[in-house]
Structure formats: structure tokens, C-alpha cells
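> Below is the sequence, then the predicted model.
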Amino acid sequence: QVQLVESGGGLVQAGGSLRLSCAASGRTFSNYAMGWFRQAPGKDREIVASVSRGGGTTFYRNSVKGRFTISRDNAKNTLYLQMNSLNAEDTAVYYCAATPHSAGPVATRILYRYWGQGTQVTVSS
């Protein structure tokens, strides 16, 4: 089992920044590729970004490229998502997730085995 706890969400004005964190406990954090997902009201949960086990390879959905940065610190068992230039379309509940199925980034939601409880990000325009 891997337990994941997100933090860092909140209310921010358009153009602002937030940094999300995801603290992992349980099994060895570096054995899992990690991802950030988000779900807006009435919409499906979608991939935002993913990072490989070692942190050297990343994947981003097109709409966040150049604005968001995913990173991880395996020594601290923590995943991060730096979000800059936020806009109203980024408003959602953000979830971190872990998958044992790949060493590289994973964009497919069903491959993720463990999920956090989510943190709300609200961007006011």
C-alpha cells in the first residue's frame, strides 16, 4: 500500500502561482511513477503531468506545457507540481497518483493504483 496526501491547494487570482505537494508513505516511493490529475465539476478526471521513477522524464498535457512543472524528491518521498500563470480553466480538484506499472511517465488513468484524496485549486478571473 502507498498512502498519498496532497497539500498546497487554495484560491488564487488569474496569473498567479501555486505549488502542490504530495507526501507519500508506505512502500518505496522511488518504485512508482507518479502523476498529477485534475477533475473539474461535471468533467472527467484528466492527466495533468507525470514523472518517471527517477524524476528525469516527464509528460505534460498540452494545455499546461510551459506553465506547470512536475518534480519529485525521492529522498523526501514527495511529489510536487509548480503551477504558474494560472487561469480559470485550471480550477479543479487536483489528485496525485502512483503507478507500479512503468518506470517512465504514465498518462493513462487506469494504470494508476494509488490515489490521494485531492486538493482544491480555484482560480478567480
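Happy to help now that I have it. Everything quoted here is computed from the prediction, not taken from an experiment.
> what about the residue nearest to the spatial centre of the chain, which helix or strand?
Closest residue to the average C-alpha location of the chain: residue 36 at 2.0 Å, with C-alpha atoms, centre = their mean. Using DSSP states H and E, residue 36 falls within strand 33-39.
> Can you give the strand pairings for that strand, parallel or anti for each?
strand 46-51 (antiparallel), strand 92-99 (antiparallel) (DSSP bridges).
> Would you tell me which of the ones you listed gets closest to residue 22?
Comparison of the strands paired with strand 33-39 against residue 22 by C-beta to C-beta identifies strand 92-99 as nearest, at 3.5 Å. The C-beta positions use only the backbone N, C-alpha and C, and glycine is treated the same way.
> Work out the gap between that closest one and the centre of the chain.
5 Å (C-alpha atoms, centre = their mean, to the nearest Å).
> for the record, mean pLDDT for that strand?
Averaged over strand 92-99, pLDDT sits at 98.
> contact partners of that strand?
2, 4, 6, 9, 20, 22, 24, 32-40, 43, 45, 48, 79, 81, 106, 109, 111-121 (C-beta atoms under 8 Å, 6 or more residues apart in numbering).
> at 6 Å what do you get?
With contact meaning C-beta atoms under 6 Å, 6 or more residues apart in numbering, strand 92-99 is reached by 2, 4, 6, 20, 22, 32-40, 79, 106, 111-116, 118-121.
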